[in-house]
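Undergrad: Take this sequence and fold it.
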Amino acid sequence: MPSSSSQQTLPVVHAKLSTQMGILFGFVAIFIVILISYSTVWWLYNKREERQEAQRKQDLIDRGFGPSGYSDEKKNIPAHGQGADI
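TA: Predicted coordinates:
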């Protein structure tokens, strides 16, 4: 078995500080870009959902549902307990 003194050791190479800082700020920059992209997509999606919800509410109001309540007379639908016997 050869002695440990005869084995060659590899030199330890330390990265330069500028390289380490470049990697650090590169990851931070990528994180910020992804965060802004995700936030923008989320905001656009919420705006789309708000428009759809406003349209749905308007459709319900047009059909007789809404803040003033459901109007039985308007749609000629018998109220509960009136009309056909169950």
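
Undergrad: by contact count, what packs against the helix or strand harbouring S18?
TA: In this assignment (DSSP states H and E), S18 forms part of helix 17-62. Contacting helix 17-62 under the criterion 3 or more C-beta pairs under 8 Å, 6 or more residues apart in numbering; DSSP states H and E is no other helix or strand. Bear in mind the C-beta positions are built from the backbone N, C-alpha and C, glycine included.

Undergrad: what's the spacing between Q55 and E49?
TA: Distance check for Q55 against E49: by C-beta to C-beta, to the nearest Å, it reads 11 Å.

Undergrad: So for these two, which residues contact both of them?
TA: Counting by C-beta atoms under 8 Å, 6 or more residues apart in numbering, Q55 and E49 have no common neighbour.

Undergrad: Could you list the low-pLDDT ranges of the chain?
TA: Low-confidence segments of the chain, defined by pLDDT under 70: 1-5, 68-86.

Undergrad: same thing but 80
TA: 1-6, 12, 66-86 (pLDDT under 80).

Undergrad: Nearest the geometric middle of it, what residue?
TA: By C-alpha atoms, centre = their mean, the mean C-alpha position of the chain lies nearest to W42, the distance being 4.5 Å.

Undergrad: Quick one: neighbours of G66, just the number.
TA: 13 (other C-beta atoms under 10 Å).

Undergrad: Over to A54?
TA: 10.

Undergrad: so how far is T9 from it?
TA: Distance from A54 to T9, by C-beta to C-beta: 71 Å.

Undergrad: Would you check how far apart T40 and R48 are?
TA: Using C-beta to C-beta, T40 is found at 13 Å from R48.

Undergrad: Could you do H14 as well?
TA: In this view, H14 and R48 are 51 Å apart by C-beta to C-beta.
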